[in-house]
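[1] kindly return the folded structure for what I paste below:
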Amino acid sequence: MTTTPTTDEILGTFTDFFRERGHEPVSGGTLLPPPSDPVLFTTSGMHRLTPYLEGRPHPQGRRLVDVQRCLRTTDLDEVGDRTHLTVFEMLGSWSLGDYGHTQSLRWGYELLHDGFGIPRERMHVSVFGGDDEVGPDHESLRQWQELGLPVELTRDDNWWSHGPVGLCGPDSEIFVWTGNPGTPPQGTPTTDPRWVEVWNHVSMRYRRLEDGGLQPLEQPCVDTGMGLERLVTVLQGHDSVYDTDLFEPWTRLLPPLWNLGETPRRLVCDHLRSGIVVIGDGVRPSPTGRGYVLRRLIRRALTTLWRDDPSRTLSDLPEELLGHTLDHFRQPRGSSEVRQVLVEEERRFGRLLERGRRVLDGPRFDGPLSDEDYRYLHDTHGLPRDLVVTLRIP
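    Residues are numbered from 1 along each chain as shown. Next up is the predicted model:
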């Protein structure tokens with residue numbers, strides 16, 4: 001690519017690359033996992049493919065590619081910086097017992113270098129260097145050396161696991177230098193934060209057992225994952241995901257509507273955009289489960305908006321932002337339905353705030369609040385701790 005690529009062009013280049021190499025596209029679909037899955041939302045591209053990575057035949061074959069929308073709440077408090085998002089998309093490719101890990105690494109380099117035009121000198125990789133159980137990943141090390149890329153050996157940073165038990169194995173990460181174009185790359189990925197990880201290639205070779213032991217898989221697999229938003233940020237030459245074309249309508253239309261500082265504006269953009277996607281997948285605000293995650297996103301955005309101006313309202317949200325978000329995530333629900341959900345939750349939150357202020361104005365809560373006070377406010381008046389803390393901020 002010789003010109004700055006758009007997000008749509010980046011998506012097309014990725015999927016076409018793997019389709020040309022025999023990978024069948026699988027639907028990235030909804031944020032909602034299958035009913036039998038205990039998690040609230042899909043958190044990674046491989047999430048719904050776990051049974052097939054464990055050996056079950058996939059109806060579309062042994063080579064797969066997809067773009068999966070995901071939601072993670074683990075980094076919610078980090079949202080507002082340059083990189084963290086609540087809802088994001090993961091580009092994934094898989095070999096279900098077909099080609100090996102080194103082939104995946106070669107294709108990874110080929111796509112980044114030839115497909116996206118990233119110079120070799122701006123790339124660095126990391127490889128599992130071994131631990132007390134498993135030796136170094138010599139296979140990956142040799143492959144990267146053949147391709148002429150610098151390698152950093154690590155321990156825990158390059159061991160992937162699905163959890164305390166289950167699929168696991170060594171991985172190899174590809175980093176891109178994001179420093180000033182006039183500054184030669186310096187250090188390594190673990191010593192200089194200007195090296196940004198864009199793609200992780202996992203060699204699923206083992207299953208971690210309940211007793212902590214490792215069992216080799218009968219069918220070793222390859223699982224790769226690359227965050228779309230991070231890749232777009234790098235390829236478009238930006239420092240922040242909010243400067244990419246993914247957020248262009250938000251950064252263009254929100255500032256004239258609501259005068260916010262940079263960090264609050266990013267939080268409002270992320271939370272409202274994520275809320276639109278969650279509503280688009282059929283979730284509605286509620287006191288528990290998925291609905292509570294949605295409620296928390298909307299109310300955190302409103303708390304930020306109302307901190308300086310209580311007259312701000314989600315009914316003023318431009319139509320273009322709703323439509324752009326639903327279209328990008330390929331969601332069929334109409335923007336009027338989404339807007340209605342947002343505005344109704346705003347009204348509920350407004351009534352709760354009024355009730356909360358009246359309760360907290362009572363003499364019982366003049367001084368510092370104890371854990372018992374917080375429990376009483378939650379159980380008796382429906383006021384969660386984080387809301388109480390917000391209401392007591394001068």
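[2] where do the helices of this protein begin and end?
    Using DSSP state H, the helices of the chain run over 7-19, 50-53, 101-110, 138-147, 228-235, 248-257, 262-280, 289-306, 319-328, 335-360, 371-381, 385-391.
[3] so how far is the fifth one from its chain's centroid?
    The one in question is helix 228-235. The chain centre lies 12 Å from the centre of helix 228-235; the measure is C-alpha atoms, centre = their mean, to the nearest Å.
[4] what are the contacting residues of it?
    For helix 228-235, the external contacting residues (C-beta atoms under 8 Å, 6 or more residues apart in numbering) are 1, 4-5, 7, 10-11, 67, 83, 85, 88-91, 116, 118, 176, 178, 196-199, 239-241, 243-246. All C-beta atoms are positioned from the backbone trio N, CA, C, and that covers glycine.
[5] that helix - what's its average pLDDT?
    Mean per-residue pLDDT for helix 228-235: 96.
[6] over to stretch 341-349?
    96.
[7] again with stretch 217-224
    Rounded mean pLDDT across stretch 217-224 is 96.
[8] for beta bridges, what are the partners of residue 161?
    residue 168 (DSSP bridges).
[9] next, work out how far apart residue 217 and residue 167 are.
    8 Å (C-beta to C-beta, to the nearest Å).
[10] ok so, going back, give me the buried subset of the contacts of helix 228-235.
    5, 7, 10-11, 67, 83, 85, 88-91, 116, 118, 176, 178, 196-199, 241, 243-244, 246 (16 or more other C-beta atoms under 10 Å).
[11] from these, which land in strands?
    Judged by DSSP state E, the buried ones among the contacts of helix 228-235 include 67, 88, 89, 90, 91, 176, 196, 197, 198, 199 as members of strands.
[12] isn't residue 45 right up against residue 90?
    Yes: counting by C-beta atoms under 8 Å, residue 45 touches residue 90, with 4.0 Å between them.
[13] any common contacting residues for these two?
    Joint contacts of residue 45 and residue 90 (C-beta under 8 Å, 6+ apart) are 68, 70, 225.
[14] please tell me which one of these counts the most neighbours.
    residue 68 (25 neighbours; other C-beta atoms under 10 Å).
[15] do you know how far that one is from residue 43?
    10 Å.
[16] now residue 135
    Plainly put, residue 135 is 30 Å away from residue 43 if you go by C-beta to C-beta.
[17] compare the two (neighbour count), which wins?
    A direct count of neighbours by other C-beta under 10 Å for residue 135 and residue 43 places residue 43 higher, at 17 against 10.
[18] contacts only, for the more buried one.
    Contacts of residue 43 (C-beta under 8 Å, 6+ apart): 70, 71, 72.
[19] can you name the residues that contact the second one?
    It stands for residue 71. Listed by C-beta under 8 Å, 6+ apart, the contact set of residue 71 reads 31, 41, 42, 43, 86, 87, 274, 277, 278, 293.
[20] tell me, how many residues neighbour residue 74?
    With other C-beta under 10 Å as criterion, residue 74 counts 9.
[21] so who does it touch?
    Contacts of residue 74 (C-beta under 8 Å, 6+ apart): none.
[22] residue contacts, the nearest residue to residue 169 once chain neighbours are set aside?
    Nearest non-adjacent residue to residue 169, counting by C-beta to C-beta, 6 or more residues apart in numbering: residue 205, 4.2 Å away. Contact analysis of residue 205 by C-beta under 8 Å, 6+ apart lists 169, 170, 216, 217, 220.
[23] contacting residues for the closest residue to residue 240 other than its chain neighbours?
    Nearest-residue entry for residue 240: residue 82, 4.0 Å, with adjacent residues in sequence omitted and distances by C-beta to C-beta, 6+ apart. By C-beta under 8 Å, 6+ apart, the contact list for residue 82 reads 239, 240, 241, 242.
[24] isn't the third one right next to residue 81, touching?
    No: counting by C-beta under 8 Å, no contact exists between residue 241 and residue 81, whose distance comes to 9.6 Å.
[25] roughly how far does residue 229 sit from residue 313?
    Distance from residue 229 to residue 313, by C-beta to C-beta: 28 Å.
[26] counting neighbours, go ahead and name the busier of the two.
    Neighbour totals were compared for residue 229 and residue 313, and residue 229 leads with 20 against 15 (other C-beta under 10 Å).
[27] neighbours of the closest residue to residue 390 other than its chain neighbours, how many?
    Residue nearest to residue 390 in three dimensions, not counting chain neighbours: residue 303, with 5.5 Å by C-beta to C-beta, 6+ apart. Number of residues near residue 303 (other C-beta under 10 Å) recorded here: 19.
[28] and residue 303, what pLDDT?
    pLDDT at residue 303 comes out at 89.
[29] what is the neighbour count of residue 184?
    9.
[30] could you do residue 364 as well?
    Residue 364 has 11 nearby residues by other C-beta under 10 Å.
[31] again, but for the one 5 residues further on
    Residues lying near residue 369 (other C-beta under 10 Å) number 17.
[32] my guess is it contacts residue 388. True?
    Yes: with contacts counted by C-beta under 8 Å, residue 369 reaches residue 388, the gap being 7.0 Å.
[33] which neighbours do the two have in common?
    residue 377.
[34] now do the contacts for the residue lying closest to residue 189 once chain neighbours are set aside.
    Among residues not flanking residue 189 along the chain, residue 195 sits closest, at 4.2 Å (C-beta to C-beta, 6+ apart). Applying C-beta under 8 Å, 6+ apart to residue 195 gives the contacts 124, 175, 176, 177, 178, 185, 187, 188, 189.
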